[in-house]
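Visitor: Predicted model, plus sequence, below.
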Amino acid sequence: MPHPEPFLSPDPETAAGSRIADFARRAARHRGAEGIRQPSDYEALHHWSVTDLEGFWAAVWEYFAIDAATPYERVLDGETMPGARWFPGATLNYAHHALRNLHPDAPAITALDETGAGHEITGRQLRAQVASVAATLRDLGVGPGDRVVGYLPNTPHAVIAFLATASLGAVWSVCGQDYAPKAAADRFAQLKPTVLITADGYLFNGTRHDRRAASLDLAGALPTLKATVLVEHLGLTWPATRHSGLTVPWDDAATRAEYLTLTPVPFDHPLWIVFSSGTTGLPKGIVHGHGGVLLEHLKILGLHCDLGVGDRLLWYTTTHWMMWNLVVSTLLTGATTCTYDGSPVPVARPDVLWELAARHKVTVFGTSPQYLLAMAKLGIEPSAHDLSAVRAIGSTGSALPASAYPWVRDHVGAGIQLASTSGGTDVVSAFAGSAPTTPVWAGEVSAPNLGVALAAYDGAGRPVVDQVGELVVTRPMPSMPLYFWNDPDGSRYRDAYFTAYPGVWRHGDWITHTSHGSVIVHGRSDATLNRNGVRLGSADIHDVVERLPEVTEALVIGAEEDDGGYWMPLFVVLAHGIELDEALRERIRDAIRTGASPRHVPDEILAVPAIPHTRTGKKLEVPVKRLLQGACAEQVLNPAAVDDPDLVAYFAELGAERRRARPPRTVKDAS
């Protein structure tokens, strides 16, 4: 099939001057990277990166001058997944690399919030505060392998606490304060933490949320704590504690004059534990190592995002989303990272993120598809601000619809690279993304990332091109999990990724790997629409429906029924003042018929108050499907993992009404 014309082609001068091109030149010169004749030839560089894993990752190690206390014996000990071991023999520390490239007097962190306020922490100040908090943790009994947990908003406190924990060889985990104490305890109690670091509250949409009582309730639910460090982020006075543990004010913990001592640890020593969304039970603790994260994040931020000294990254995230972990790693490149406390679209200042990006000369701006679509529907004009420093906009969390690309060009800035990415908490990175040397196709992710042996597999486990298949990774990545927490025999880990295709990572996404090298993400493979044997990704429906100005958000479900039938409803959240009449229903049907598939026009279109998401913003497609099929809500969904728990009961009742009424099925325009 002919290749479509790219929406945006790399600027030759920008591509030639990028870090990824410089890396390609060095790889060809010093590593004998076969096939790389032009440094801007991303396809050749990627081919080498996945056919010579040891050569590629050794080149990453050398390019970023990894400072190991003891050298590695070899790059990769075996390729069996799971079980591949990277850089055995090497000892190092992530925190050392996060702090070593920072200019003492330049900003390392820019702390921002939704009011537009901001302040900066220099490299010297960050190092001093990390040293102080590390000494405090050490005095509280924290050592290598111990767990320190944070109940914190996205502020510098979380970054400092994490780096202090990592400097000791202890293990970090964090979640945001919009989690109820029980939901946070469901995560943290599994880890048996030694210290909790928690804030008095956070800011969101003009409201100061007091979380002092919630913080103390959480501390009381963690019996292994030796101490709780109390942060006065909102300036609230902490009440007397209701549990027996020691409490330490953050100001005391972070203002000591201490020398920073960094503990070298093995390459695969645990760095942090991130959690699955926990929609169907206790969240899974996913453990990543110092070295794997260090190399993977240097690759994605330093090469794909082209970040270095003098750059600034602002990516909207919460502390419980893996993007927070990636945002912190901006420091590895010597660039400035921005933290942000608040709503991405506060009512009082819906364009505040663009305002801040302009004021602070942000070079890489990161967000989600939902944010860009919301900006378009609200009529926001980001280009009203001086965004001349922005060279790339990253988008992740779900598939970025094709309609967003011209909007960014016309309303943010022509020539800005719109870098859609697809990855996961599981590898705390991306499988596919963009780079200064890749073309951009509207509605597509530019290419598999370097070092990622990505393929689309059909049902027989064969790679397919220009056909929909399962996203798989056929060779190991350094940031694949070390293990799951409380999974001593590794069975839960193997079951999660390696049972469908033994020895091959199956991620659970439905993709097309195109013949022009891009990746199209169609949604979760377990939520694929399968009407009369014709499959379609749910994201393809969401894309065309959410372009309509009357629709704020959509969710389509394909539910198999007990009598062998197949019910495919479409749920829509309507814009303010819009009613779902038959004329609008027909407009929606026509949009799907012409923009997605005439075989997947929904059986019913229903207006709902909201669509349920995980707390990291992913639509809960499979749980909603199971609720509609009659599964018990308690078995399907943990309400603490949902952004609006009331929606669980709402969709469960919809399913019950459907089963009681059971109207005749009609499929309009099914052929």
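Guide: Alright, I've got the coordinates. Residues are numbered from 1 along each chain as shown.
Visitor: Could you report the pLDDT at the closest residue to His542 other than its chain neighbours?
Guide: For His542, ignoring the flanking residues on the chain, the nearest one in space by Cβ to Cβ, 6 or more residues apart in numbering is Ala554 at 5.2 Å. C-betas here are computed from N, CA, C, even on glycine. On pLDDT, Ala554 comes in at 92.
Visitor: Please tell me I have it right and Ala554 contacts Asp543.
Guide: No - Ala554 lies out of contact with Asp543 (Cβ atoms under 8 Å); the separation is 9.2 Å.
Visitor: and the longest strand for this protein?
Guide: Ranked by residue count under DSSP state E, the longest strand found in the chain is strand 505-513.
Visitor: Give me the residues contacting that strand.
Guide: The contact list for strand 505-513, computed with Cβ atoms under 8 Å, 6 or more residues apart in numbering, reads 81, 422, 424, 426, 431, 448, 454-457, 463-474, 480, 497-500, 519-526, 528, 537.
Visitor: Paired strands for it, with orientation please.
Guide: Strand pairing for strand 505-513, determined by DSSP bridges: strand 468-473 (antiparallel), strand 519-524 (antiparallel).
Visitor: wait, which of the ones you listed is closest to Tyr94?
Guide: Proximity to Tyr94 (Cβ to Cβ) singles out strand 468-473 among those, at 23.1 Å.
Visitor: outside of the closest one, which residues touch it?
Guide: Residues contacting strand 468-473 (Cβ under 8 Å, 6+ apart): 422, 431, 452-458, 463, 500-501, 504-513, 521-522, 525, 535, 537.
Visitor: Report the mean per-residue pLDDT for the helix or strand that that strand is followed by.
Guide: Sequence-wise, the next helix or strand downstream of strand 468-473 (DSSP states H and E) is strand 483-484. For strand 483-484, mean pLDDT is 96.
Visitor: Over to stretch 453-472?
Guide: Averaged over stretch 453-472, pLDDT sits at 92.
Visitor: Pull out the buried positions in that stretch.
Guide: Across stretch 453-472, burial judged by 16 or more other Cβ atoms under 10 Å covers 453-457, 468-472.
Visitor: can you give me the offset of that stretch from its chain's centre?
Guide: Averaging C-alpha positions (Cα atoms, centre = their mean, to the nearest Å) puts stretch 453-472 23 Å from its chain's average.
Visitor: just stretch 386-396 next, same as before
Guide: On Cα atoms, centre = their mean, the centre of stretch 386-396 falls 18 Å from that of its chain.
Visitor: Can you measure across that stretch, start residue to end residue?
Guide: From its first residue to its last, stretch 386-396 covers 24 Å (Cα to Cα, to the nearest Å).
Visitor: neighbouring contacts of it?
Guide: The contact list for stretch 386-396, computed with Cβ under 8 Å, 6+ apart, reads 14, 305-306, 312, 315, 323, 354, 357-358, 361-369, 372, 404, 408, 412-413, 416-423, 430, 434.
Visitor: could you redo the last one with a cut-off of 7 Å?
Guide: The contact list for stretch 386-396 (Cβ atoms under 7 Å, 6 or more residues apart in numbering) reads 305, 315, 323, 354, 357-358, 361-369, 372, 408, 412-413, 416-423.
Visitor: Can you tell me the number of residues neighbouring Leu647?
Guide: 21 (other Cβ atoms under 10 Å).
Visitor: try the one 10 residues further on
Guide: When neighbours are defined as other Cβ under 10 Å, Glu657 has 10 of them.
Visitor: can you check Asp105 too?
Guide: Counted with other Cβ under 10 Å, residues neighbouring Asp105 total 9.
Visitor: and if you look at Ala84?
Guide: Neighbours of Ala84 (other Cβ under 10 Å): 16.
Visitor: from the contacts of strand 468-473, which would you call buried?
Guide: Of those, these count as buried by 16+ other Cβ under 10 Å: 422, 431, 452-457, 501, 504-513, 521-522, 525, 535, 537.
Visitor: So, low pLDDT: which residues of the stretch 151-300 of the chain?
Guide: Applying pLDDT under 70 to the stretch 151-300 of the chain picks out residues 241-244, 277-281.
Visitor: can you do 90?
Guide: Across the stretch 151-300 of the chain, the ranges flagged by pLDDT under 90 are 178-184, 186, 239-246, 276-284.
Visitor: where exactly do the strands run in it?
Guide: With DSSP state E, counting those that start in this stretch as the criterion, the stretch 151-300 of the chain has strands at 171-175, 195-199, 201-204, 207-210, 227-231, 246-249, 265-266, 270-275, 285-289.
Visitor: again, but for the stretch 551-671 of the chain
Guide: With strands called from DSSP E, counting those that start in this stretch, the stretch 551-671 of the chain shows them at 551-556, 559-560, 566-567, 569-574, 604-607.
Visitor: Burial-wise, tell me which of the ones you listed comes out on top.
Guide: Ranked by mean neighbour count, the strands of the stretch 551-671 of the chain are led by strand 551-556 with a mean of 24 (mean count of other Cβ atoms under 10 Å).
Visitor: That one relative to strand 569-574, how many degrees between them?
Guide: Orientation note: strand 551-556 sits at an angle of 160 degrees relative to strand 569-574 (axes from the mean of the first three to the mean of the last three Cα atoms, to 10 degrees).
Visitor: Can you tell me what sits against strand 551-556?
Guide: Residues from elsewhere that reach strand 551-556, judged by Cβ under 7 Å, 6+ apart: 529, 538, 541-542, 545-546, 568, 570-575, 602, 611, 619, 621, 624.
Visitor: try it again with 6 Å
Guide: The contact list for strand 551-556 (Cβ atoms under 6 Å, 6 or more residues apart in numbering) reads 538, 541-542, 545-546, 570-573, 575, 611, 619.
Visitor: Quick one: low-confidence residue ranges for the stretch 451-600 of the chain.
Guide: 458-460, 467-469, 500, 508-511, 521-544, 546-547, 557-568, 576, 591-600.
Visitor: repeat that for 70
Guide: The model of the stretch 451-600 of the chain has pLDDT under 70 over residues 525-528, 530-535, 537, 561-565.
Visitor: May I see the strands of the stretch 151-300 of the chain arranged in TSV, with distance to Val347 and mean neighbour count as well?
Guide: Output for the strands of the stretch 151-300 of the chain, formatted as TSV (distance: least, Cβ to Cβ, whole Å; neighbours: other Cβ atoms under 10 Å):
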stretch	distance to Val347	mean neighbour count
strand 171-175	25	25
strand 195-199	23	28
strand 201-204	11	22
strand 207-210	10	14
strand 227-231	27	24
strand 246-249	34	15
strand 265-266	46	20
strand 270-275	30	24
strand 285-289	35	24
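Visitor: Okay, Thr319 and Thr155: tell me how far apart.
Guide: As for Thr319, its distance to Thr155 is 9 Å (criterion: Cβ to Cβ, to the nearest Å).
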